[in-house]
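> Sequence and predicted model, in that order:
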Amino acid sequence: MDVLPRDFYLQDTLTVAKDLLGKLIVHIDKGSRLSGMIVETEAYLGEQDDACHASKGRTKRTEVMYQLGGHAYIYLIYGMYELFNVVTRHEGYPEAVLIRAVEPIDGIDQMTENYKHSLSSLKLTNGPGKFTKAMNITRSLNCNDLTTKPLFIEEYKNISNTEITVSKRIGIHYAKNWKDKNFRFYISNSPCVSKK
């Protein structure tokens, strides 16, 4: 498979969020290839977007968002969930796409062991904190260049516009005029989407 080039990530963030659907996120972990097809994303549009971490300005945590598109932004929420984002656009534009869910493809047995629960493979990765746990994607990979190993995204499956549902983002009721923006994209018939 072809690893996505840097130019892919430099596009408009909403375009990247939609075009990531059907791509394969891969983590080479302890010699094993763990992968999942991206089935759900959310776009965050920088300092003007009240739901975006960069709305608070440049901080130690958000520094990676100001880098050139194609880097990983991974952070902890609720003291227990590590969430994975793809940084987009050019340097100085702190925008990103949250990966909310994937469909497991490679290394499902290892993902089950990582998750430490007896769940069906479809329930292992149907949430932003679940898939990172299953694929062992942690903050140690924050700032990772997604065009190189061990964490990268590949071409996989073409998804047509007719297969995609667009909706409001989840859990951002605090985001003022930005809470009702249709910045969430998911593959309509995927059993791994977090919420429909």
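Cool, the structure landed.
> tell me the helices in this protein, going along the chain?
Here the chain has its helices, by DSSP state H, at 6-9, 13-19, 108-115, 121-124, 128-134.
> can you tell me how far Ala101 sits from Ser55?
Using CB to CB, to the nearest Å, we find Ala101 at a distance of 24 Å from Ser55. For glycine as for every other residue, the C-beta is placed from the backbone atoms N, C-alpha and C.
> how about the residue positioned nearest the centre of the chain, what does it touch?
Among the residues of the chain, the one closest to the centroid is Ile99, at 2.0 Å (CA atoms, centre = their mean). Residues near Ile99 by CB atoms under 8 Å, 6 or more residues apart in numbering: 20, 25, 38, 40-41, 84-86, 128, 131.
> Show me which of these is closest to Ser190.
Nearest to Ser190 among these is Glu40, at 7.4 Å by CB to CB.
> if I read this right, the closest one contacts Lys196, doesn't it?
No. Counting by CB atoms under 8 Å, Glu40 stays clear of Lys196, with 9.6 Å between them.
> Any regions of this protein where pLDDT drops low?
Low-confidence regions of the chain, defined here as pLDDT under 70, cover residues 117-122.
> if we go to 90?
Applying pLDDT under 90 to the chain flags residues 1, 77-80, 115-124, 173, 195-196.
> hang on, the earlier thing: could the helices of the chain go into TSV alongside distance to Ile74 and mean neighbour count?
As requested, the helices of the chain are arranged in TSV below (distance: least, CB to CB, whole Å; neighbours: other CB atoms under 10 Å):
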stretch	distance to Ile74	mean neighbour count
helix 6-9	16	16
helix 13-19	17	21
helix 108-115	15	17
helix 121-124	19	18
helix 128-134	8	24
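> would you list those helices in a markdown table and tack on distance to Leu76?
Formatted as a markdown table, those follow (distance: least, CB to CB, whole Å):
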| stretch | distance to Leu76 |
| --- | --- |
| helix 6-9 | 23 |
| helix 13-19 | 22 |
| helix 108-115 | 17 |
| helix 121-124 | 20 |
| helix 128-134 | 10 |
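> and Lys60, which of the ones you listed is closest to it?
With CB to CB as the yardstick, what comes closest out of the helices of the chain is helix 128-134 (20.7 Å).
> could you say what helices and strands that closest one packs with?
Counting contacts by 3 or more CB pairs under 8 Å, 6 or more residues apart in numbering; DSSP states H and E, helix 128-134 packs against strand 81-88, strand 95-106, helix 108-115, helix 121-124.
> Out of those, which is closest to Arg184?
Comparing the helices and strands packed on helix 128-134 against Arg184 with CB to CB, the closest turns out to be strand 95-106 (7.6 Å).
> and Ile170, which of the helices of the chain is closest to it?
Nearest of the helices of the chain (CB to CB): helix 128-134, 9.1 Å.
> Only C-alpha atoms, please: export that closest one in PDB.
Only the C-alpha atoms of helix 128-134 are listed here, as PDB (Å, rounded to 0.1, in the frame of the first residue of the first chain):
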ATOM      1  CA  PRO A 128     -11.700   7.500  19.700                       C
ATOM      2  CA  GLY A 129     -10.300   6.200  23.000                       C
ATOM      3  CA  LYS A 130     -11.000   2.600  22.200                       C
ATOM      4  CA  PHE A 131      -9.200   2.300  19.000                       C
ATOM      5  CA  THR A 132      -6.000   4.000  20.300                       C
ATOM      6  CA  LYS A 133      -6.000   1.600  23.200                       C
ATOM      7  CA  ALA A 134      -6.500  -1.400  20.900                       C
END
